[in-house]
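Student: Here is the input, now give the coordinates:
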Amino acid sequence: QVQLVESGGGLVQPGGSLRLACAASGSIFRINTAGWYRQVPGKQREWVASIISGSDPRTTYADSVKGRFAVSRDDAKNTVYLQMSSLKPEDTAIYYCTMNIYYFTHGSKDYWGLGTQVTVSS
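Tutor: Now for the predicted structure:
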């Protein structure tokens with residue numbers, strides 16, 4: 001089994017920065033893709049960013065965060081990061097990470113963390 005645990009959320013003023021981390025543990029051979037989503041109560045979960053494995057990992061971003069957020073990964077630590085800068089009040093949400101992980105006994109599966117709250121307010 002695999003567990004994802006997010007950390008790094010909190011309260012920050014508009015224009016500030018936060019760095020989220022998502023650490024995976026358990027039966028992991030390879031992390032194929034990883035991503036971040038966010039959700040505001042009463043709204044659908046929204047995709048934020050993704051990163052694909054490789055020697056030169058490819059990243060993609062939602063238009064709403066492009067140029068302000070950066071996703072990265074450390075495969076040695078089975079950890080994915082989301083560096084958030086120039087934060088706006090509309091970035092307030094619960095942020096979830098997801099990973100597609102391969103292991104010998106069950107192939108590739110998607111896993112989700114429980115989320116971390118990010119609040120941008122003065």
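Student: nearest residue to residue 86 other than its sequence neighbours?
Tutor: Excluding its sequence neighbours, the residue lying closest to residue 86 (Cβ to Cβ, 6 or more residues apart in numbering) is residue 68, at 4.6 Å. The way it works is simple: take the backbone N, C-alpha and C, and place the C-beta from them, glycine included.
Student: what's the one you found in contact with, if anything?
Tutor: 84, 85, 86, 87 (Cβ atoms under 8 Å, 6 or more residues apart in numbering).
Student: go on, residue 74?
Tutor: Applying Cβ under 8 Å, 6+ apart to residue 74 gives the contacts 80, 81.
Student: Give me the contacts around stretch 52-65.
Tutor: Contacts to stretch 52-65, defined as Cβ under 8 Å, 6+ apart, come from residues 30-33, 46-51, 69-73, 75, 84, 90-91.
Student: Thanks a lot, catch you later.
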